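Peer 1: Return a 3D structure for these sequence lines:
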Amino acid sequence: MCQVLEVSEKGICELAQKRQKSEKRDDEFLTERIEDAYYENRGHYGSPRIHAELKHRGCIVQRKRVARLMREHQAQCQKKRRKYEQRTAVIISCL
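Peer 2: Coordinates of the predicted model:
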């Protein structure tokens with residue numbers, strides 16, 4: 001493939017490394033923005049809401065990427081508590 005494109009293998013490896021570094025830098029930037037939005041909302045927002053918040057702020061990013069970064073940094077939304085205790089029905093069979 002290198003011969004067809006007329007490039008060296010070393011050039012392709014360097015390009016791939018540069019791309020990985022830029023993606024890592026972007027992930028760090030996004031992680032800061034995600035944490036800001038997460039803690040502003042007291043940890044109640046999950047990835048769909050954080051994605052919408054970032055979009056509202058002008059930061060275009062995919063929802064799955066937001067979910068991955070939140071998973072990597074253990075930023076999970078808090079589950080809602082039920083207002084009332086959930087009761088289960090007891091069924092008694094008559095013989």
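
Peer 1: neighbouring contacts of stretch 57-72?
Peer 2: 27, 30-31, 33-34, 37-38, 46-48, 50-51, 54-55, 76 (Cβ atoms under 8 Å, 6 or more residues apart in numbering). The C-beta positions use only the backbone N, C-alpha and C, and glycine is treated the same way.

Peer 1: That stretch: which residues count as buried?
Peer 2: 61, 66, 69-70 (16 or more other Cβ atoms under 10 Å).

Peer 1: Looking at these, spot the one nearest Gly11.
Peer 2: Val61 (29.6 Å; Cβ to Cβ).

Peer 1: tell me the phi and psi of the closest one?
Peer 2: As for Val61, its main-chain torsions (degrees, to the nearest 10) stand at phi -150, psi 150.

Peer 1: Could you measure from it over to Ala52?
Peer 2: 11 Å (Cβ to Cβ, to the nearest Å).

Peer 1: related to what we said a few turns ago, so which pair among the buried residues of stretch 57-72 is furthest apart in space?
Peer 2: Farthest apart among these - using Cβ to Cβ - are Val61 and Met70, which lie 11.7 Å from each other.

Peer 1: mind listing which of the buried residues of stretch 57-72 are in helices?
Peer 2: 66, 69-70 (DSSP state H).

Peer 1: Export those as CSV, with columns for pLDDT and distance to Arg87.
Peer 2: Listed next are those as CSV, based on pLDDT from 0 to 100; distance: Cβ to Cβ, whole Å:
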residue, pLDDT, distance to Arg87
Val66, 88, 37
Leu69, 88, 40
Met70, 87, 34
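
Peer 1: Let's have those in CSV, adding distance to Arg19.
Peer 2: Output for those, formatted as CSV (distance: Cβ to Cβ, whole Å):
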residue, distance to Arg19
Val66, 20
Leu69, 18
Met70, 23
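
Peer 1: Which one of those is nearest to Glu85?
Peer 2: Closest to Glu85, out of all of those and judged by Cβ to Cβ, is Met70, at 30.6 Å.

Peer 1: Helices along the protein, start to end?
Peer 2: Going by DSSP H, the chain shows helices at 2-5, 9-40, 47-56, 63-72.
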